[in-house]
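Enquirer: Build the 3D model from these lines:
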Amino acid sequence: MEEVSIIGIDLAKRSFQVHGAGADGSVAFRRKLSRGKLLGFLASQPECTVAMEACASAHYWGREIAALGHEVRLVPPIYVKPFVKRHKNDAADAEAISEAAQRPTMHFVAVKTEAQQTQGMLFRTRDLLVRQRTQTINALRGHLAEYGVVAPQGRARIRQLVGVLEDGDSGLPEAVVELGGLLLGRIDELDEKIDGLDREIRASAREDEETARLMTIPGIGPVTAMAIQAFAPPMESFRRGRAREGRHTWPCWRDRAGPRPAPSGRLRREGGHGRPFGARRACTCRIAL
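Expert: A predicted model of the protein is given here:
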């Protein structure tokens, strides 16, 4: 068998397509492996580069494969698509991943640690609960508005509806009062869970050395500091910290380097530089708080 230089893996839940290639790009092997056999197969291979798309479960597999001694490269899916030469299937995707990872100008995603993924789950869980709370509040407002009961805008003022529901002379049907109380109870439950996550974020920020150092920056609190640590790539991957022309800057990653381009094809002036509308945005990562 020809010596393998790079292995491309198309990740899935149960079966994984593996594509091995030599240093010259020639095909060494194509295999389909079950989930339980993937690590055993990679352990039997000489140390080489293993490439995967930066998709679901990629960071977990990246850590496991790196522990075997291989160099792991995670390629953003948007950069893999141009290398697919035929109809999309698992084998074609694995080959495209291996080819994309060999490009000298390719940009890769750093493999996250378990701690970073845990912090990310904490923020996403909090975001989910906040959206559920907003949805429940809007549902309560909408239902009661059908009976002529309207509360002022603002989440804090939703409590004014409690008195209306408890008022026996409100004229609301008994079933409406019962269902309204159910929604209010759900809002209280979500408030308690969100407050608990906020306390956990603040406590973790105080205990972590890097987060505490980030909070010394004016305007950076515990939530923002923890979000940066959870979602931001290594700072060494940025060429500069100021907003200048180019993609590989900190302001570009956080999506605040300028207004979003619109697909019209025209040019506009931004800080003395012409920027085309409709150009594909390279930075799509955001911190959703």
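Enquirer: Please parse the chain into its domains.
Expert: 6-101, 114-229, 244-276 (automatic domain parsing).
Enquirer: Dump those domains to CSV, plus mean neighbour count.
Expert: C-beta coordinates here come from the backbone N, C-alpha and C atoms, glycine included. Putting the domains of the chain into CSV (neighbours: other C-beta atoms under 10 Å) gives the following:
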stretch, mean neighbour count
domain 6-101, 17
domain 114-229, 14
domain 244-276, 13
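Enquirer: Tell me how far residue 127 lies from residue 197.
Expert: 10 Å (C-beta to C-beta, to the nearest Å).
Enquirer: Could you do residue 228 as well?
Expert: According to C-beta to C-beta, residue 228 stands 17 Å off from residue 197.
Enquirer: quick one on the thing from earlier: relative to residue 235, which of the domains of the chain is closest?
Expert: domain 244-276 (7.8 Å; C-beta to C-beta).
Enquirer: quick one: average pLDDT of the closest one?
Expert: Per-residue pLDDT values over domain 244-276 give a mean of 50.
Enquirer: Stretch 46-66 too?
Expert: Mean pLDDT, stretch 46-66: 93.
Enquirer: what's the first-to-last distance across that stretch?
Expert: 13 Å (C-alpha to C-alpha, to the nearest Å).
Enquirer: Please enumerate residues in contact with that stretch?
Expert: Contacts to stretch 46-66, defined as C-beta atoms under 8 Å, 6 or more residues apart in numbering, come from residues 3-11, 38-39, 42, 69-77, 80, 93, 97-98, 100-101, 108-109, 111-114, 117.
Enquirer: Cross the residues you listed against strands and list the overlap.
Expert: With DSSP state E as the criterion, strands contain 6, 7, 8, 9, 10, 71, 72, 73, 74, 75 from among the contacts of stretch 46-66.
Enquirer: Tell me which two of those residues sit farthest apart.
Expert: Farthest-apart pair in those is 10 and 71; separation 18.4 Å (C-beta to C-beta).
Enquirer: picking up where we left off before, just put the ones in strands among the contacts of stretch 46-66 in TSV and tack on pLDDT and distance to residue 139.
Expert: Shown next, in TSV, are the ones in strands among the contacts of stretch 46-66 (pLDDT from 0 to 100; distance: C-beta to C-beta, whole Å):
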residue	pLDDT	distance to residue 139
6	93	52
7	94	50
8	93	47
9	94	44
10	93	41
71	94	50
72	95	45
73	94	46
74	94	40
75	93	42
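Enquirer: would JSON lines of those residues with distance to residue 233 be doable?
Expert: Output for the ones in strands among the contacts of stretch 46-66, formatted as JSON lines (distance: C-beta to C-beta, whole Å):
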{"residue": "6", "distance to residue 233": "22"}
{"residue": "7", "distance to residue 233": "23"}
{"residue": "8", "distance to residue 233": "22"}
{"residue": "9", "distance to residue 233": "21"}
{"residue": "10", "distance to residue 233": "23"}
{"residue": "71", "distance to residue 233": "17"}
{"residue": "72", "distance to residue 233": "15"}
{"residue": "73", "distance to residue 233": "14"}
{"residue": "74", "distance to residue 233": "11"}
{"residue": "75", "distance to residue 233": "14"}
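Enquirer: Can you tell me which of those residues is nearest residue 224?
Expert: Closest approach to residue 224 among those (C-beta to C-beta): residue 74, at 25.2 Å.
Enquirer: Help me confirm that that closest one comes into contact with residue 109.
Expert: Yes: Residue 74 sits in contact with residue 109 when judged by C-beta atoms under 8 Å, with a separation of 4.1 Å.
Enquirer: contacting residues around stretch 112-131?
Expert: Residues from elsewhere that reach stretch 112-131 (C-beta under 8 Å, 6+ apart): 59, 63, 190, 193-194, 197-198, 200-201, 204, 226-227, 229-231, 288-289.
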